[in-house]
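In: Kindly generate the corresponding structure for this input.
(one chain, ligands or ions: 1)
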Amino acid sequence: MLVVSKIGVTTMVLIIWMSFSSWGFFAHQQINRMAVFILPGELIRFYKSNIQFLTEHAVDADKRRYSDTAEAPKHFIDADRYGINPFDSIPQKWADAEMKFSADLLKENGIVPWQIERTYYSLVKAFKERDSLRILRLSADLGHYVSDAHVPLHTTENYNGQLSGQTGIHGFWESRLPELFSEEYDFITGPARYLSDPLKEAWKIVKSSHSLVDSTLMIQASLNKSMASDLKFSFSERDNQVDRNYSHEYASAYHTRLNGMVENQMRASILMTGSYWYSAWVDAGQPKLRNFPEKKITEEEKLLTERAEKLFNLGRIIGRKEK
Ligand SMILES: [Zn+2]
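Out: I've put the predicted structure just below:
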């Protein structure tokens, strides 16, 4: 929780941090929040009464990137490092992929589909144990990883346009565009559906996101040719510092040319997040979600959270930066 006297500092940290975060702080929160409303009866009651938690913790996974060296690869997969037809080359199951490529190589190239699967089964377990705190934490994380997998630039080694002279496109696409335009988006997705094969679905998401990588980059490259470069950025002054950002005109031109891509990916993230939550509950045998046994945070958990928060506030990310 923010304390009033700390708001200035916190805002500053947030601004710095938002440039490094996936889907942006804002979009991740929106996705987790809206996924609650596509759940059926028993589930919606529980998730709705905890909607604040799910929203606030939608970005915990990104915060952990400041304190946990193992966290970064969980948010992406550089599919193109596996050749021209990566999805024929990478075995879907972790054990098979590990046998073919080694765990070290898989981790280096990012492991988001397997992370979705892992978090999913941890959530199933938490439902079976009727551990309300873990259900909420894992649901928030699962929503995060599922949403990251929907971002095309999370599926390529050219994740920030750094290999094609387009450095900065990562945050532009996933943070700036939703912040500017998502108010006009249509987020009606239909109800959550049961996913009988969570890993296969994760691969489907990644494959579909990867198919959008070329357009994401090429559309911006062609816009750069047709638009005068002095229109690309706007400058604003704050606290005696000049901030440079992509101008509204430039962002709007790119957004229009993307023809609904950001909106579609955000909507799909909502549908899949809700669907993963729902399926985990079904796979756990549809446990009753009322009168949970009381659960206290252990001393160890508390210390780990405090440490993560402290390192996050220092703002030194471990692993790749996407500015
Ligand atoms: Zn992320």
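
In: Following element in sequence after the helix or strand that contains residue 44, please.
Out: Under the criterion of DSSP states H and E, residue 44 resides in helix 41-49. Next helix or strand after helix 41-49 toward the C-terminus (DSSP H and E): helix 51-56.

In: what about that following helix, distance to the chain center?
Out: Computed by C-alpha atoms, centre = their mean, to the nearest Å, the chain-centroid distance of helix 51-56 equals 15 Å.

In: can you check stretch 196-204 too?
Out: So, by C-alpha atoms, centre = their mean, the centroid of stretch 196-204 is 17 Å from its chain's centroid.

In: May I see the buried residues of that stretch?
Out: 198, 199, 201, 202, 203, 204 (16 or more other C-beta atoms under 10 Å). For glycine as for every other residue, the C-beta is placed from the backbone atoms N, C-alpha and C.

In: same check, this time on stretch 183-198
Out: So for stretch 183-198, counting by 16+ other C-beta under 10 Å, buried means 187, 189, 192, 195, 198.

In: Sort those residues by pLDDT and name the bottom one.
Out: Ranked by pLDDT, the buried residues of stretch 183-198 bottom out at residue 187, which has 92.

In: Settle this for me: it is touching residue 270, isn't it.
Out: Yes: here residue 187 lies in contact with residue 270, judged by C-beta atoms under 8 Å, at a distance of 6.1 Å.

In: so what's in contact with these two at the same time?
Out: Both residue 187 and residue 270 are in contact with residue 34, where contact means C-beta atoms under 8 Å, 6 or more residues apart in numbering.

In: before we move on, the earlier item: ok, so of the buried residues of stretch 196-204, who is nearest residue 107?
Out: residue 202 (16.5 Å; C-beta to C-beta).

In: these two touch, right, that closest one and residue 111?
Out: No: in this structure residue 202 lies outside contact range of residue 111 using C-beta under 8 Å: 10.5 Å.

In: After the helix or strand that contains residue 126, which helix or strand is next? Please name it.
Out: Residue 126 belongs to helix 112-128 when assigned by DSSP H and E. The helix or strand immediately downstream of helix 112-128 is helix 132-149, counting by DSSP H and E.

In: what secondary structure does residue 195 sit in?
Out: Local secondary structure at residue 195 is given as coil here, using DSSP: H, G, I helix; E, B strand; the rest coil.

In: Also residue 91?
Out: Secondary structure for residue 91, judged by three-state DSSP, is coil.

In: Need the nearest residue in space to it, chain neighbours excluded.
Out: residue 97 (4.5 Å; C-beta to C-beta, 6 or more residues apart in numbering).

In: count of residues packed around the one you found?
Out: Other residues near residue 97 come to 20 when the count uses other C-beta atoms under 10 Å.

In: any idea how far it is from residue 283?
Out: 23 Å (C-beta to C-beta, to the nearest Å).

In: How about residue 152?
Out: In this view, residue 152 and residue 283 are 29 Å apart by C-beta to C-beta.

In: on that earlier part again, would you mind listing the buried residues in the helix holding residue 44?
Out: Buried residues in helix 41-49 (16+ other C-beta under 10 Å): 43, 44, 46, 47.

In: just stretch 214-228 next, same as before
Out: 216, 217, 219, 220, 223.

In: about what we covered before: compare neighbour counts for residue 152 and residue 283 and give me the winner.
Out: A count of neighbours by other C-beta under 10 Å puts residue 152 above the other of residue 152 and residue 283, at 23 against 19.

In: Phi, psi for the more buried one please.
Out: Main-chain torsions, residue 152, degrees, to the nearest 10: phi -50, psi -40.
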